[in-house]
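S.K.: can you look at this prediction? I've put the sequence above it.
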Amino acid sequence: MTDQVATQPRVFKIGTTRIVENDSTLGLSNEQVRQMLKATYPEVANATISERNDGTTRMVEFLPQPGRKG
């Protein structure tokens with residue numbers, strides 16, 4: 001079972017944008033991917049990470065948190 005989870009590709013979801021795991025994200029933790037993506041998607045900087053498994057892929061969703069105004 002552990003081998004199956006390790007070989008399942010991750011899909012990173014930011015709002016309606018989906019990014020499929022490739023060689024640049026393979027082997028990185030979700031936090032390391034967050035650091036890499038936050039330059040392009042600033043909303044992931046403070047987002048909550050939710051991970052679920054649908055049987056064929058692991059969906060890693062960045063859920064934005066409301067920020068302070070002013």
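M.R.: Received it, and whenever you're ready, just let me know what you need. Numbers count the residues shown, from 1 in each chain.

S.K.: and the pLDDT at D54?
M.R.: D54 is assigned a predicted lDDT (pLDDT) of 85.

S.K.: can you report how many residues lie near it?
M.R.: Residues contacting D54 under the criterion other C-beta atoms under 10 Å number 9. C-betas here are computed from N, CA, C, even on glycine.

S.K.: look up how far L63 lies from L26.
M.R.: 23 Å (C-beta to C-beta, to the nearest Å).

S.K.: which of those two has more neighbours?
M.R.: L63 (13 against 9).

S.K.: need phi/psi at the more buried one.
M.R.: With angles defined as degrees, to the nearest 10, L63 sits at phi -100, psi 110.

S.K.: pLDDT averaged over the longest helix along the chain, what's the number?
M.R.: Determined from DSSP state H, the single longest helix within the chain is helix 30-37. For helix 30-37, mean pLDDT rounds to 95.
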